[in-house]
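Enquirer: Pasting the sequence and the predicted model now:
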Amino acid sequence: MDSGDHSLGGFRNGDDHLTGLPLSALSDSDDTDLDLPEPSSFLLQSPKSAKSPAKGRSRSRSRSPSHVPETPEHIGEPDVEPTVAVAESPVSETTDSQSRVGRKRKQPAVTKVSEVDSNLTLLDEDAGDKAEPRAKRGRPRATPSTEKSKFVRSKADVTAGDSAPKLCLLVTGLSEAQTTRLRRACKQAQSLGIASISLINSPAELLHDAAHQKDTKPTFTHVVTSPNKGGRTARTFKYLVGLVSGAWVVRLEWLLESVKAKQLLAETEYTISGDTAMPHSTLFGPRPVGQLFDGYSVYVWSGGEKDKAAAHTQDELLDLIRVAGAEIRADCPAMSTDEEGSDNDETGGAAGVGSRTHGDQAVSALPAKYRSLFDIPVRKDKTIILLDLSDKQCTSFLDTVMDQTSGTLACRSKSWLFDCISANTVL
């Protein structure tokens, strides 16, 4: 072998595996000691140069080392393209940098990046399954999934309100601003799951249902009002409905402070003392339903004129009496003196229970012959005649009562009925 073949050891005919020496290793003519390329550099050999090794070897052997820099001009364009393309590729540059820096220093960095990438891919694919481990590292951000879970929890709270206490509130004596605050508190109480609340403005329908059913369940649970400084409220028809229905009569602050506490507070601290019409009567809490006039029968006389000042209708008045426990008579009874017995008869009730109040100005304004009817004590075995003394035809009706009953049936005004309900006793 001549000296030219010995200096180009990488291009020996018998060693086909060394024909892939890159031109970058031969670019400097002053290099006398040529390093063999790393095994990975053989992978960079282009398919075109691999198919024609003989042509590359013959031209390399015909040249001496001094003519190596001129090799691109004599080899021609077809042989230079594959080598240049490989030299400009990113992988070739990475391989050269690895050969200069050192494989052992670069390889762990590449391996580490690949491991991180694979881990990130797994987290992205299994984001739903690994939601809990992420929560342990720190507080999760507000993502659509977490927002949905919050909605479900709030919906569950509303559903829980169905099993919470069901309240039926009757409002009376509140200003417009107080009513607005009450409505807002009702919505907040329901959203918090404190209670399921029904706010009633007109009691007619529920009062009618309670009057015609046999059970004694309370119709209204609470009457919300605003008392004066003495703890008493005006006596309205709604207030009376709440009393006969066995409801708590509380101040507005009961519900407002219950919302702040996120639970229903005890009503005893917010119960009013009573109404202004009966200043000597004290309200201690809910009353038993249907026990006030239990065993009594009442006939309600309705005159030709309608009381426009009344806050209730005739039917509502009848339902109020029924809920209080009395039986409504459709016709005025005509009884003889022999059938009634004496006032001292204890049958069906105690004699002498109740009499007209001297403060009833309507009764005091009647002629003396009629006032005696209002002094007769009420009894369970005798029908009570209830009438509106403001009606102009009232005196004519009283004449009929005296003629048919010989003046033995007790007559009472509507105000007496309301006083009995306020005092929770038959006066």
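Expert: Done, it's in.

Enquirer: Quickly note the distance from the residue lying closest to residue 277 once chain neighbours are set aside to residue 198.
Expert: Residue nearest to residue 277 in three dimensions, not counting chain neighbours: residue 235, with 4.3 Å by CB to CB, 6 or more residues apart in numbering. (Each C-beta comes from the backbone N, C-alpha and C, glycine too.) With distances taken as CB to CB, to the nearest Å, residue 235 is found 24 Å from residue 198.

Enquirer: In terms of neighbours, single out the busier of those two.
Expert: residue 235 (21 against 14; other CB atoms under 10 Å).

Enquirer: isn't that one right up against residue 281?
Expert: No - the pair residue 235 / residue 281 is not scored as a contact, 10.5 Å apart, by CB atoms under 8 Å.

Enquirer: what's the overlap in contacts for those two?
Expert: Counting by CB atoms under 8 Å, 6 or more residues apart in numbering, the shared contacts of residue 235 and residue 281 are 275, 422.

Enquirer: confidence score at the residue nearest to residue 277?
Expert: We note a pLDDT of 96 for residue 235 in this prediction.

Enquirer: just residue 199 next, same as before
Expert: For residue 199, the predicted pLDDT is 90.

Enquirer: ok, now residue 1?
Expert: 45.

Enquirer: about what we covered before: wait, what's in contact with the residue nearest to residue 277?
Expert: If you count contacts by CB under 8 Å, 6+ apart, then residue 235 has 275, 276, 277, 278, 418, 422 around it.

Enquirer: Assumed residue 254 was part of a helix.
Expert: Yes - with DSSP: H, G, I helix; E, B strand; the rest coil as the criterion, residue 254 is located in a helix.

Enquirer: Test my guess that it contacts residue 268.
Expert: No - under the criterion of CB under 8 Å, residue 254 is not in contact with residue 268, lying 10.0 Å apart.

Enquirer: the more surrounded of those two?
Expert: Between residue 254 and residue 268, counted using other CB under 10 Å, the more crowded position is residue 254 (19 against 10).

Enquirer: can you count the residues close to the closest residue to that one other than its chain neighbours?
Expert: Leaving aside its chain neighbours, residue 254 sits nearest to residue 270 (3.7 Å; criterion: CB to CB, 6+ apart). Neighbourhood size, residue 270 [other CB under 10 Å]: 20.

Enquirer: need the contact list for residue 270.
Expert: Residue 270 neighbours (CB under 8 Å, 6+ apart): 250, 251, 253, 254.

Enquirer: helix or strand right after the helix or strand hosting residue 399?
Expert: Per DSSP states H and E: residue 399 is located in helix 394-405. Once the chain leaves helix 394-405, the next helix or strand it forms, by DSSP H and E, is strand 411-413.

Enquirer: Strands of the chain, start to end?
Expert: 166-171, 196-200, 222-225, 232-233, 248-251, 274-275, 297-300, 327-329, 384-387, 411-413 (DSSP state E).

Enquirer: on contacts alone, who are the packing partners of the fifth one?
Expert: Secondary-structure packing of strand 248-251 (3 or more CB pairs under 8 Å, 6 or more residues apart in numbering; DSSP states H and E): strand 222-225, helix 237-244.

Enquirer: could these go into TSV alongside mean neighbour count and distance to residue 210?
Expert: Putting the helices and strands packed on strand 248-251 into TSV (neighbours: other CB atoms under 10 Å; distance: least, CB to CB, whole Å) gives the following:
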stretch	mean neighbour count	distance to residue 210
strand 222-225	25	14
helix 237-244	25	9
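
Enquirer: Okay, domains of the chain per the record?
Expert: With domains defined by automatic domain parsing, the chain comprises 3-101, 104-137, 162-275, 297-423.

Enquirer: worst average pLDDT in these?
Expert: domain 104-137 (a mean of 43).

Enquirer: excluding its backbone neighbours, what's nearest residue 417?
Expert: Residue 417 sits nearest to residue 386 (CB to CB, 6+ apart), 6.2 Å away.

Enquirer: Who are the contact partners of that neighbour?
Expert: Neighbour list for residue 386: 298, 299, 300, 301, 321, 411, 412, 413, 414, 416, 417 [criterion: CB under 8 Å, 6+ apart].

Enquirer: which two in those are spaced the farthest apart?
Expert: The largest separation in those, counting by CB to CB, is between 321 and 411 at 15.2 Å.

Enquirer: ok, the two, which is more surrounded?
Expert: residue 411 (30 against 22).

Enquirer: Tell me what the more buried one is bridged to.
Expert: Residue 411 forms beta bridges with residue 385, as assigned by DSSP bridges.

Enquirer: tell me the contacts of it?
Expert: 373, 374, 376, 384, 385, 386, 387, 398, 401.

Enquirer: Go through these and say which is closest to residue 316.
Expert: Among the contacts of residue 411, and counting by CB to CB, the member closest to residue 316 is residue 386, at 13.9 Å.

Enquirer: Distance of that closest one relative to residue 164?
Expert: Distance, residue 386 to residue 164, using CB to CB: 41 Å.

Enquirer: What separates the first and last residues of stretch 375-392, distance-wise?
Expert: 21 Å (CA to CA, to the nearest Å).

Enquirer: no wait, stretch 168-187
Expert: 14 Å.

Enquirer: For the closest residue to residue 269 other than its chain neighbours, give me its contacts.
Expert: Nearest residue to residue 269 in three dimensions, chain neighbours excluded: residue 254, at 7.9 Å (CB to CB, 6+ apart). Going by CB under 8 Å, 6+ apart, residue 254 touches 222, 224, 265, 267, 269, 270.

Enquirer: what's the answer for residue 177, then?
Expert: Contacts of residue 177 (CB under 8 Å, 6+ apart): none.

Enquirer: if I look at it, how far off is residue 183?
Expert: In terms of CB to CB, residue 177 sits 11 Å off from residue 183.

Enquirer: my read: residue 312 touches residue 237, true?
Expert: Yes - in this structure, residue 312 is within contact of residue 237 by CB under 8 Å, at 4.6 Å.

Enquirer: Identify the contacts common to the two.
Expert: The contact sets of residue 312 and residue 237 overlap at residue 320 (CB under 8 Å, 6+ apart).

Enquirer: picking that back up, now the residue nearest to residue 277: how far from residue 415?
Expert: Taking CB to CB, one finds residue 235 at 10 Å from residue 415.

Enquirer: Could you do residue 168 as well?
Expert: In this view, residue 168 and residue 415 are 28 Å apart by CB to CB.
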